[in-house]
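1. for reference, the sequence and a predicted model appear below.
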Amino acid sequence: MAFANAATPSGSLSTLAVARPSGSARLSARTRKQLLARQPLLWAAMFFSVGIVLGKYLWRPPSWWIVAAIVFLASAICLIRKRTASPKILVLTALVAAGAVSLELRRSAAAEQSLWFGDGEVLVTAHVIAEGEIQEEGADSFRQRVDIETEKIDSNSETKTIAEGVRLSIYQNDHSHSGDRMRLLTYGERIRFQTTLVPPRNYRNPGAFDYAGFLHDNGIVAGASVKYPNIEVLPGLAGNRMERWRAIVHRSVIRKIHALWPERVAGLMDAIVIGEETFVERPTRADFQRSGTYHVLVVSGMNVSILAIFALWSLRRMGLNQVAASACAIALILTYAVLTKEGAPVWRAALMFAVYLCTRLLYRDRAMLNALGAAALILLVSDPRVLFGASFQMTFLCVALVAGIGVPVLERTIQPYSHGLRNLNALAYDRTLPPKVAQFRLDMRLLLKRLETILPGRLSRTATLAGFRISFGFLELTMMSAVLQLGLALPMAYYFHRATSVAMPANLLVIPFLELLMPAAVCAICVSYIWLSVAKVPAVIAGFALQGIAGTVKWLGGIRLADIRVATPSASAILFAGFAILICAIFVRRKVTLAVSGMALLMASAIWIWTIPPNQDIRRNVLEMTAIDVGQGDSILLITPEGRKLLVDAGGLPFWTHSQTDIGEDVVSPHLWSRGISRIDAIALTHAHADHMGGMFAVMASFRPRELWLPEGIPNDEVAKLLAEARMYGVAIIYHKAGDIFSYGGATIRVLAPPGSAIRGSGSDAHRNDESLVMKVSYRNTSALLEADAEKATEKFVASENPAADVLKVAHHGSVTSSAEDLLAAVKPQFAIISVGARNVYHHPRPEVLKRLQNA
């Protein structure tokens, strides 16, 4: 037991403060003995998760897992009277089997029905189960996307009654010729229309996002599109009544948001407050991602936590007792979670808040990790598939880092002094504190006494204490941000391929604005239902906070240092990062040297992920040609015998699709990252069409190539933006024309087109295709001819240039305008590659082209 003298401000000895032994030492000893007993729900959630993983990768019939769970549980009951660890271990093992069977049962239920797909159009009767928003895509052009549940499907041959989810795109190009302007289809409305049902399709590249699996997990098994005038609205409503009311309230809140704030602000406010991201543009999303503040843009656990604390504080100030205030706060937060429908992050925070308040009412020890386990267990039991989602993993890892590492670090460093500012005049309180904290309180009293002689009154005391509290709060936030940035380095690199170098300063600046925005925005929306003019006051405050968030994110997200991309971490880096997090969580409660070692290990794992690239999936001494699936476009990856990487085109989507999908960012880059590639040596643009050039900007920003190859004579106005990007990143711009021959990474590249000005003409699409950069790449006795979109005029020239090759990249996706017989006779290919989109509107590849290739 330690003793410390405590003096009054006058300097005389007045009391003897008794400090108890260090809390951290006692806590670590108790933790070692009672870890399982104090966190039972955390352990239950962990073992249930292990079972889900086993159920996914180690398939057994559901009956097998059910029998195993019953046997383990029965064994635990038989041994319950014995004071050993055996019953607990058996119960946890039963939870493993329960997790496996829950996934198997969910999988079996999902496979019971499958939608019938015909070759042609079908007549679909359905009702809306998820609303969208109407988006304007140019003059008199509108689009909305809704999810529907089929009721009946009619074809020429049969009628099927089936209930499956379909994602429906509805468009209207000119309502002046097609009737009334498009209106929003609402939940439960029954509709009938004729369409073609298309199963969702993934891009078939290693590392590609499983879009079909994502839709399937959300109950969607097909896609369809229809013109708005061709939809027949049927009488009556269908669906769930509670969900209908949720949709009505959700839609009403969005209308209030757009009434309170201007359109340029309302889109962001939709996303942050209610989780509606329809009106958020892709560049804005990218800024939030680069700055490490994307959790602010979507409704996350932080948003819910801020609202929960504000709701509880407000209810207590309104005079409600603890029980009533807690019950009302839980009801409000659960209602908010239902209203946003944002999934794991929101429900995790809402459930943890509910568990926290319930344990507080029951005077139980409020263990954050136990509450985390309870929330995880509820979500996993309701849908075990969420375990494999990035959202679930990151939100629970985030809280685990806070509770397992951040809080213990604060308890040993800043928090004792921050708490030491409470009841500063209560000398008896000093006796309960460690000697250092008691001495800090003594020093504070002396400091305040001196300041009062300089500046009489309470102003000096209030200002000084406020300054210390703000400083301690800032230090706590800094420490927690640092722990989160280090701990989340692995999922950020694995799922988003980003090293969030500015995440800590960005969050330090943004979070205070978010703490102001959420209560003010909710107050404005609620008050607007009573008195819109009064609601403008909190709306102005929320708008100011939003401008602070948007300005900070745009500033930091635009810094070049913020845009650091990394390849998919190697298995060794993943294992080391997981090991580092676990060891750090254990060591941080032990001796100082062990705690420092644990934090150093965590930092080392993050630095490894950020700075040490994984081994590249490349074979030396061979010429590799990979046709990346980019749909209706071109992207060819060439890897030379010496390991140089050349990307020829990067795919893209035509402007008329109005899609926010970036083929370069969402398709090409993930494939390269999955192979451990974080830099490429050169990119070549064959010609300035969107299906070849659209993805170039993202690829250039993410992989920083050394060179950009272009066909000589390409119009500068068509590639002006690309050239500006290249100069900004310091990329050398090289033009090639027919006749160029050079060695590149052990391979020989011969440029066969463009031949100069002989073929170029009016600038029409046909002439642009004939401006394509055509290259023959050779290594030893193997060669490949890359034709881009060359058409017959260019092919005639190429055929005279000895283009014989083993592999032919068929020109223009198999269009009849290319692949002339004289060219095929000159090339004599053994293999042909056609890069084409499934079910494309151009009907590529054309049958006559396939016949020519077969004859060649």
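-> Structure's in. What do you need?

2. now do Asp691: how many residues are near it, please.
-> Neighbours of Asp691 under the rule other C-beta atoms under 10 Å: 23. The C-beta positions use only the backbone N, C-alpha and C, and glycine is treated the same way.

3. that one: which element?
-> Per DSSP states H and E: Asp691 is located in helix 690-693.

4. contacting residues around that helix?
-> 630, 632-634, 649-655, 685-687, 719, 722, 788-789 (C-beta atoms under 8 Å, 6 or more residues apart in numbering).

5. let's see 7 Å
-> Here helix 690-693 makes contact (C-beta atoms under 7 Å, 6 or more residues apart in numbering) with Gln632, Gly633, Asp634, Asp649, Gly651, Gly652, Leu653, Pro654, Phe655, Leu685, Thr686, Leu722.

6. save those residues as JSON lines, and put in pLDDT, secondary structure and distance to Ala390 too.
-> Formatted as JSON lines, the contacts of helix 690-693 follow (pLDDT from 0 to 100; DSSP: H, G, I helix; E, B strand; the rest coil; distance: C-beta to C-beta, whole Å):
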{"residue": "Gln632", "pLDDT": "93", "secondary structure": "coil", "distance to Ala390": "28"}
{"residue": "Gly633", "pLDDT": "94", "secondary structure": "coil", "distance to Ala390": "27"}
{"residue": "Asp634", "pLDDT": "96", "secondary structure": "coil", "distance to Ala390": "30"}
{"residue": "Asp649", "pLDDT": "96", "secondary structure": "coil", "distance to Ala390": "29"}
{"residue": "Gly651", "pLDDT": "94", "secondary structure": "coil", "distance to Ala390": "24"}
{"residue": "Gly652", "pLDDT": "93", "secondary structure": "coil", "distance to Ala390": "26"}
{"residue": "Leu653", "pLDDT": "89", "secondary structure": "coil", "distance to Ala390": "24"}
{"residue": "Pro654", "pLDDT": "82", "secondary structure": "coil", "distance to Ala390": "30"}
{"residue": "Phe655", "pLDDT": "74", "secondary structure": "helix", "distance to Ala390": "30"}
{"residue": "Leu685", "pLDDT": "97", "secondary structure": "coil", "distance to Ala390": "32"}
{"residue": "Thr686", "pLDDT": "96", "secondary structure": "coil", "distance to Ala390": "35"}
{"residue": "Leu722", "pLDDT": "94", "secondary structure": "helix", "distance to Ala390": "31"}
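
7. for those residues, give me TSV that also has distance to Ala784.
-> Converted to TSV, those look like this (distance: C-beta to C-beta, whole Å):
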residue	distance to Ala784
Gln632	21
Gly633	19
Asp634	14
Asp649	14
Gly651	19
Gly652	22
Leu653	26
Pro654	27
Phe655	31
Leu685	18
Thr686	14
Leu722	25
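
8. any quick ChimeraX command for the buried ones out of the residues you listed?
-> Here is the ChimeraX command that selects the buried residues among those (16 or more other C-beta atoms under 10 Å):
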select :632,633,634,649,651,652,653,685,686,722
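
9. which of the contacts of helix 690-693 lies closest to Ile612?
-> Distance to Ile612 across the contacts of helix 690-693 (C-beta to C-beta) is lowest for Gly651, with 29.5 Å.

10. hang on, the closest one packs against Val668?
-> Yes: counting by C-beta atoms under 7 Å, Gly651 touches Val668, with 6.0 Å between them.

11. got any residues that touch both of the two?
-> With C-beta under 7 Å, 6+ apart, Gly651 and Val668 have common neighbours Val630, Ser635, Gly695.

12. which of the residues you listed count as buried?
-> Members of the shared contacts of Gly651 and Val668 classed as buried by 16+ other C-beta under 10 Å are Val630, Ser635, Gly695.

13. is it true that Ile170 lies in a strand?
-> Yes: counting by DSSP: H, G, I helix; E, B strand; the rest coil, Ile170 is part of a strand.

14. which residues does it bridge with?
-> Gln144, Val226 (DSSP bridges).

15. I'd say it and Val226 touch.
-> Yes: with contact defined as C-beta under 7 Å, Ile170 reaches Val226; the gap is 5.9 Å.

16. outline the domain layout of this protein.
-> 1-38+424-482, 39-110, 122-239, 571-611, 624-855 (automatic domain parsing).

17. TSV please, covering the ones you listed and showing distance to Arg412.
-> Listed next are the domains of the chain as TSV, based on distance: least, C-beta to C-beta, whole Å:
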stretch	distance to Arg412
domain 1-38+424-482	5
domain 39-110	20
domain 122-239	41
domain 571-611	7
domain 624-855	37
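
18. which one of the shared contacts of Gly651 and Val668 is nearest Ile148?
-> Closest to Ile148, out of all of the shared contacts of Gly651 and Val668 and judged by C-beta to C-beta, is Val630, at 29.1 Å.

19. helix or strand right after the longest helix along the chain?
-> Using DSSP state H to define each element, the chain has its longest helix at helix 459-487. Next in sequence after helix 459-487, counting helices and strands by DSSP H and E, comes helix 489-491.

20. distance between that next one and the chain's centre?
-> Centre-to-centre, helix 489-491 and its host chain are 12 Å apart (C-alpha atoms, centre = their mean, to the nearest Å).

21. average pLDDT for it, rounded please.
-> The average pLDDT for helix 489-491 rounds to 94.

22. and the next helix or strand past that helix?
-> With DSSP H and E, the next secondary element past helix 489-491 is helix 503-528.

23. that next one packs against which elements?
-> Other elements packing on helix 503-528 under the criterion 3 or more C-beta pairs under 7 Å, 6 or more residues apart in numbering; DSSP states H and E are helix 241-260, helix 301-317, helix 459-487, helix 532-557.

24. out of these, which gets nearest to Gly643?
-> helix 459-487 (32.1 Å).

25. buried sites along the closest one?
-> Applying 16+ other C-beta under 10 Å to helix 459-487 flags 460-461, 464, 468, 472, 475-476, 479-487 as buried.

26. and which of the contacts of helix 690-693 is nearest to Asn621?
-> For these, the nearest to Asn621 is Asp649 (25.8 Å; C-beta to C-beta).

27. so who does that closest one touch?
-> Contacts of Asp649 (C-beta under 7 Å, 6+ apart): Asp634, Ser635, Ile636, Leu685, Thr686, His692.

28. which residues of the stretch 151-300 of the chain fall in strands?
-> 159-160, 165-172, 189-195, 220-227, 232-237 (DSSP state E, counting those that start in this stretch).

29. what's the least confident stretch among those?
-> strand 159-160 - the lowest mean pLDDT of the strands of the stretch 151-300 of the chain, at a mean of 86.

30. please name every helix or strand in contact with that strand.
-> By 3+ C-beta pairs under 7 Å, 6+ apart, strand 159-160 packs against no helix or strand.

31. listing partners with orientation, what would you give for it?
-> Assessed with DSSP bridges, strand 159-160 is paired to strand 142-154 (antiparallel).
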